[in-house]
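*Asks:* Return atomic coordinates for the entry below.
(one chain, ligands or ions: 1)
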Amino acid sequence: MNARRAALQILREVYDKNAYANIVLNKYFKKNDIEEIDRRFITELVYGSIKAGDTLLWILRQYIKMPVKKVHPVIRDILRLGIYQLFYMDKVPESAVCNEAVKLAKKYGHPGTVKFVNAVLRNIVRDKSKADFAKAGENTAQYIALKYWHPLWLVELFIKEFGVEQAALLCEFNNTDAPICFRCNTLKNTVDELQEFLIAKNAQCHKSELCAEALICTKHPALSQLEVLDDGRALIQDESSMLVARVVDPQPDELIIDMCSAPGGKATHMAMLMDNTGKVIANDIYEHKLELIRENAQKLGLTNIKTNMADARFMADKYIGKADKVLADVPCSGMGVLRRKADSRWNKTPEELNELPQLQYEILCSAAKAVKTNGIVVYSTCTVLKQENDDVVNRFLDEHTEFILDDVEAFLPEKLRGRGSKTLQLLPHRDNTDGFFIARIKKIK
Ligand SMILES: C[S@@+](CC[C@H](N)C(=O)[O-])C[C@H]1O[C@@H](n2cnc3c(N)ncnc32)[C@H](O)[C@@H]1O
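*Replies:* Next comes the predicted model:
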């Protein structure tokens, strides 16, 4: 088993075929029997060098004369992996990095490229100071982008939103490891029982301060070894995402519509909080994603979920004024969960982000049509950007005087109260969670 060759193959699929890193990595691990220690190394190498993205290419540029674009893609990826190890993996000996990269170049390149890879990496080892980000000017957007591995346009957007200092902290946080969070299925076991089970499997986990049914694991065995996930005693969901169902506050026998529900984290949570009574209509625009919800519901032993395929912007007609509560957990930029997805910061574009608020607004308007008088619409996203959060909700309230903002505080844990806002905005670097936004809107007439 050659871990670096495996990492290179995975990286090639991601960059060449635009594949999602986590999907390629999981597929690779399923197909090949790989020891735990190699798995960890490959995972860090792949996720790390994808997250570090353009910073690695900027470093490369300081050591070569030709444009980076002209370097053959396979050789470029061999160098990415080498540079990542030399700058960001302290425990890997520099000689091993150079020798292994040269072996890969021999396998995938020709004598010229072998020499090139060898020369670049050995030059870096000789003098790392050439790659000094301060060349870009300390505390500028460019410096933050290089130091904390983000595209420049995104850093500029964060600076506009939060100021330089907070933007830097957010970017730095986005490179930290995210713990895995389990949601206990209280219909099948208690949180204490689930915790005992996980500890017996050598996991390190503790109860969440944000949600009673959440257990946070900082260390755990491979998820495929945890029966609780197969038999529905638990499901993976972040604690901040669990707050959404808490704010919806589902009651037994209610009719709840989840406008954008796949893969069903919040729909199954609401169905569980209703004690498997009433009905949750779990809607999504993609049929293949609805299948995931049905599978999850079956595992969890929930029979009160009905899936529905429709574009949420136009689905309300058959439900006008019928629902007790409606959740609009809208498609968003995901700027609150960048630490969880190595490639997503590099895959988004500013144009894509700018199109989202209109779609989100239309889904919220459609959600509002489906709710009864005195009913509740909850609007949520996993982003930290005001344009997708407060701005959408305020536009909605301005144009729909039959709705008012209902304070979320009564539905929040002690730790998140007293912030002086009727909506909740979790910021990753401040709250040490995923970044989530939740607003609760009431139909008053
Ligand atoms: C943020 S995710 C929802 C996560 C989900 N609520 C959960 O807790 O597991 C947004 C979902 O919206 C769906 N979606 C995107 N555009 C949509 C539309 N126009 N109508 C309905 N669903 C849509 C996507 O397929 C995606 O599953």
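
*Asks:* quick one, domains of the chain?
*Replies:* Under the assignment named as automatic domain parsing, the residue ranges that make up the domains of the chain are 3-131, 141-173, 181-236, 240-443.

*Asks:* at contact distance from the ligand, anything in the longest one?
*Replies:* Put plainly, it is domain 240-443. Yes: contact of domain 240-443 with the ligand (C-beta under 6 Å from any ligand atom) involves 260-266, 284-286, 289, 311-313, 329, 331. Every C-beta, even on glycine, is put in place using the N, C-alpha and C of the backbone.

*Asks:* can you redo the domains of the chain as CSV with mean pLDDT and mean neighbour count?
*Replies:* Converted to CSV, the domains of the chain look like this (pLDDT from 0 to 100; neighbours: other C-beta atoms under 10 Å):
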stretch, mean pLDDT, mean neighbour count
domain 3-131, 94, 17
domain 141-173, 96, 19
domain 181-236, 94, 17
domain 240-443, 96, 20
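
*Asks:* could you pull out the strands for the chain?
*Replies:* Chain-ordered strands for the chain, with DSSP state E as the definition, fall at 180-184, 204-207, 214-219, 234-236, 255-258, 279-284, 305-309, 323-329, 371-381, 403-406, 424-425, 437-443.

*Asks:* next one: stretch 384-404 to chain centre, how far?
*Replies:* Distance of stretch 384-404 from the chain centroid (C-alpha atoms, centre = their mean, to the nearest Å) equals 24 Å.

*Asks:* Alpha carbons of that stretch, as PDB, please.
*Replies:* These are the backbone C-alpha positions of stretch 384-404, laid out as PDB (Å, rounded to 0.1, in the frame of the first residue of the first chain):
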ATOM      1  CA  VAL A 384     -23.000  33.300   8.000                       C
ATOM      2  CA  LEU A 385     -23.800  35.800   5.300                       C
ATOM      3  CA  LYS A 386     -26.400  38.500   6.000                       C
ATOM      4  CA  GLN A 387     -27.600  38.600   2.400                       C
ATOM      5  CA  GLU A 388     -28.900  35.100   2.700                       C
ATOM      6  CA  ASN A 389     -30.200  35.500   6.300                       C
ATOM      7  CA  ASP A 390     -31.500  38.700   7.900                       C
ATOM      8  CA  ASP A 391     -31.800  40.400   4.500                       C
ATOM      9  CA  VAL A 392     -34.100  37.600   3.200                       C
ATOM     10  CA  VAL A 393     -36.200  37.600   6.300                       C
ATOM     11  CA  ASN A 394     -36.500  41.400   6.500                       C
ATOM     12  CA  ARG A 395     -37.500  41.600   2.900                       C
ATOM     13  CA  PHE A 396     -40.200  39.000   3.600                       C
ATOM     14  CA  LEU A 397     -41.500  40.800   6.700                       C
ATOM     15  CA  ASP A 398     -41.600  44.100   4.800                       C
ATOM     16  CA  GLU A 399     -43.700  42.600   2.100                       C
ATOM     17  CA  HIS A 400     -46.000  40.400   4.300                       C
ATOM     18  CA  THR A 401     -47.600  42.400   7.100                       C
ATOM     19  CA  GLU A 402     -49.600  39.400   8.200                       C
ATOM     20  CA  PHE A 403     -46.400  37.900   9.600                       C
ATOM     21  CA  ILE A 404     -44.300  39.000  12.500                       C
END
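
*Asks:* What's opposite residue 323 in the beta bridge?
*Replies:* For residue 323, the beta-bridge assignment (DSSP bridges) gives partners residue 371.

*Asks:* Please apply the same query to the one 4 residues further on.
*Replies:* Listed beta-bridge partners, residue 327: residue 258, residue 378 (assigned using DSSP bridges).

*Asks:* Run through the residues that contact it.
*Replies:* Counting by C-beta atoms under 8 Å, 6 or more residues apart in numbering, residue 327 touches 244-245, 248, 256-259, 261, 266-267, 270, 367, 377-378, 380.

*Asks:* returning to what we had before: any chance of the strands of the chain in a markdown table with distance to residue 228 as columns?
*Replies:* Formatted as a markdown table, the entries for the strands of the chain read as follows, by distance: least, C-beta to C-beta, whole Å:
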| stretch | distance to residue 228 |
| --- | --- |
| strand 180-184 | 8 |
| strand 204-207 | 12 |
| strand 214-219 | 10 |
| strand 234-236 | 4 |
| strand 255-258 | 24 |
| strand 279-284 | 23 |
| strand 305-309 | 20 |
| strand 323-329 | 25 |
| strand 371-381 | 26 |
| strand 403-406 | 35 |
| strand 424-425 | 29 |
| strand 437-443 | 28 |
